[in-house]
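K.L.:
Next one to model:
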Amino acid sequence: MFDLIPNEPRQVAGNGWEYQHTDISDLSLYADRCRITKAPVAAFVSEPDPDNPDTLWETPRDLPGFSALVNAATGDVLPTRPVADSYKLVPHDDLFAMQSRQLADSVLPTDNVKVVDRLYDGGLRAHRTVMFDDLDATIGNDGDRVMCRMDVFNSVDMSWAFQIFSGAYRDLCRNTLVFGGSKAYHQKRKHTRNLSPEALVGKATMGLEFWENDRDSMEAMRSTPLTRDRFADVLAATICRKPGMDNLEGHGHPVNERLLGYLLHRYDEEVSELGRTQWAAFNALTHWSTHLDTEWTTDDGKTYQTGRSGAKPHMVERKRQNDVRTVLESDAWLGVAA
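P.N.:
Got it, this is the predicted structure:
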């Protein structure tokens, strides 16, 4: 269990570090202790000397498709197995710098926060907690006031999946059990090509923004069941519907199948932690509207881009946000909770 314990920057057991402070932009622990990069891997192969068969030479050969991990802050090669090219390395310093920027750009109150940065096992794993002293919530029917927070777990060696929590809770276990409160958002993702930490941090931030500004709407969506087929019907009637005449058979309308497939893919990703709810569908829609050129791979191995080459990002974002707003105001969407 991970509890907030006030402390000065200090080294902890297991070759780890912990630092508590009050500035979301303070990334000094990672800058000073843990900046992870990839490095080529070579294997030494024994080969006989052509002029003296009884003598063996140790010849280095590159190991294609794999990399070692180096801590550029210390110069150490990390004691872990090489990572494959298919593994999406998310360095801790880059991750938390991105989170800091997103929080600073949000409407969340970031002037009065407590931050705990933790490194484990020489930097192989990291955990950052941000607690918002000016943002709390009542949990349950007993008037229990809990401070809202965000927790991010990350690893660089395949030992932990990327995982993010946001909501009103006191402490948590990394095995996804949350105690003494409630989650606004929670996702857990393996480090594959489809991993988008920017999107997950953005939605965790959005979850807390909803908690502060429109919690009733968020709670209503969280408690409203929405199956995959029903969500597909909503999409087919709104954002994925192609303009024009009905099908010749008269049984529905032509749809943008690629967009429909992507939004259902995003829904499936959200469902693993948010359940088959309208909240999962809402997060799928907002992911699409705010991440304009995402690459994604289908179950049968086909890779697509959600954006078009040469498109102007600000124009695409504006159109997508309007499209999502149209969905949320449609009879098909509103009828889910009816």
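K.L.:
Next up, the contacts around residue 162.
P.N.:
With contact set as CB atoms under 8 Å, 6 or more residues apart in numbering, residue 162 has these partners: 90, 152-155, 188-191, 195, 197, 200. (C-beta placed from N, C-alpha, C; glycine too.)
K.L.:
Quick check: bridge partners of it?
P.N.:
residue 189 (DSSP bridges).
K.L.:
so which helix or strand takes in residue 263?
P.N.:
Following DSSP states H and E, one finds residue 263 within helix 257-274.
K.L.:
if we can go back for a sec, PyMOL command to pick out the buried ones of the contacts of residue 162?
P.N.:
Remark: buried members of the contacts of residue 162, expressed as a PyMOL selection using 16 or more other CB atoms under 10 Å:
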select buried, resi 90+152+153+154+155+188+189+191+195+197+200
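K.L.:
so where's the stretch 1-150 of the chain uncertain?
P.N.:
Scanning the stretch 1-150 of the chain for pLDDT under 70 picks out 1-9, 139-144.
K.L.:
Run through the strands of it in chain order.
P.N.:
Residue ranges of the strands in the stretch 1-150 of the chain, as given by DSSP state E, counting those that start in this stretch, are 10-12, 16-21, 36-49, 52-71, 76-77, 83-84, 113-120, 125-139, 144-155.
K.L.:
Tell me which of those sits nearest to residue 257.
P.N.:
strand 83-84 (32.0 Å; CB to CB).
K.L.:
Show me what the closest one pairs with in its sheet, parallel or antiparallel.
P.N.:
Paired with strand 83-84 in the same sheet, following DSSP bridges, are strand 52-71 (antiparallel).
K.L.:
So the most centrally placed residue in the chain: helix, strand or coil?
P.N.:
Geometric centre of the chain, nearest residue: residue 200, 3.0 Å, by CA atoms, centre = their mean. Here residue 200 is recorded as helix under DSSP: H, G, I helix; E, B strand; the rest coil.
K.L.:
so it makes contact with residue 165?
P.N.:
No - using CB atoms under 8 Å, residue 200 is not in contact with residue 165; the gap is 10.6 Å.
K.L.:
Touching, residue 254 and residue 242? I think so.
P.N.:
Yes - counting by CB under 8 Å, residue 242 is a contact partner of residue 254 at 4.2 Å.
K.L.:
and the closest residue to residue 73 other than its chain neighbours, what does it touch?
P.N.:
Nearest non-adjacent residue to residue 73, counting by CB to CB, 6 or more residues apart in numbering: residue 35, 4.5 Å away. With contacts taken as CB under 8 Å, 6+ apart, residue 35 has the following neighbours: 71-73, 91, 93.
K.L.:
re earlier: save the strands of the stretch 1-150 of the chain as CSV, and put in distance to residue 288 too.
P.N.:
Formatted as CSV, the strands of the stretch 1-150 of the chain follow (distance: least, CB to CB, whole Å):
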stretch, distance to residue 288
strand 10-12, 41
strand 16-21, 35
strand 36-49, 30
strand 52-71, 32
strand 76-77, 40
strand 83-84, 29
strand 113-120, 30
strand 125-139, 26
strand 144-155, 22
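K.L.:
looking at the ones you listed, which is closest to residue 264?
P.N.:
Closest among those, using CB to CB: strand 144-155, at 26.8 Å.
K.L.:
Strand partners (parallel or antiparallel) of the closest one?
P.N.:
Strand pairing for strand 144-155, using DSSP bridges, gives strand 125-139 (antiparallel), strand 162-168 (antiparallel).
K.L.:
can those go into a markdown table with extra columns for distance to residue 316?
P.N.:
Compiled in a markdown table, these are given as follows (distance: least, CB to CB, whole Å):
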| stretch | distance to residue 316 |
| --- | --- |
| strand 125-139 | 30 |
| strand 162-168 | 26 |
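K.L.:
So residue 278 sits against residue 334, correct?
P.N.:
No - applying CB under 8 Å as the test, residue 278 and residue 334 come out as separate, 10.2 Å apart.
K.L.:
who touches the closest residue to residue 55 other than its chain neighbours in this structure?
P.N.:
In space, and not counting its chain neighbours, residue 55 is closest to residue 49: 4.1 Å by CB to CB, 6+ apart. Going by CB under 8 Å, 6+ apart, residue 49 touches 55-57.
K.L.:
And for residue 200?
P.N.:
Residues in contact with residue 200 (CB under 8 Å, 6+ apart) are 162, 164, 187, 189.
K.L.:
7 Å instead, please
P.N.:
Going by CB atoms under 7 Å, 6 or more residues apart in numbering, residue 200 touches 164, 187, 189.
K.L.:
Compare the strands of the stretch 1-150 of the chain and give me the one nearest residue 329.
P.N.:
The nearest among the strands of the stretch 1-150 of the chain, by CB to CB, is strand 125-139 at 27.3 Å.
K.L.:
Report the angle between the closest one and strand 36-49.
P.N.:
On the basis of axes from the mean of the first three to the mean of the last three CA atoms, to 10 degrees, strand 125-139 is oriented at 150 degrees to strand 36-49.
K.L.:
what residues does strand 125-139 touch?
P.N.:
2, 4, 24, 92, 96, 108-109, 112-119, 144-155, 159-160, 168, 181-182, 208, 211-212.
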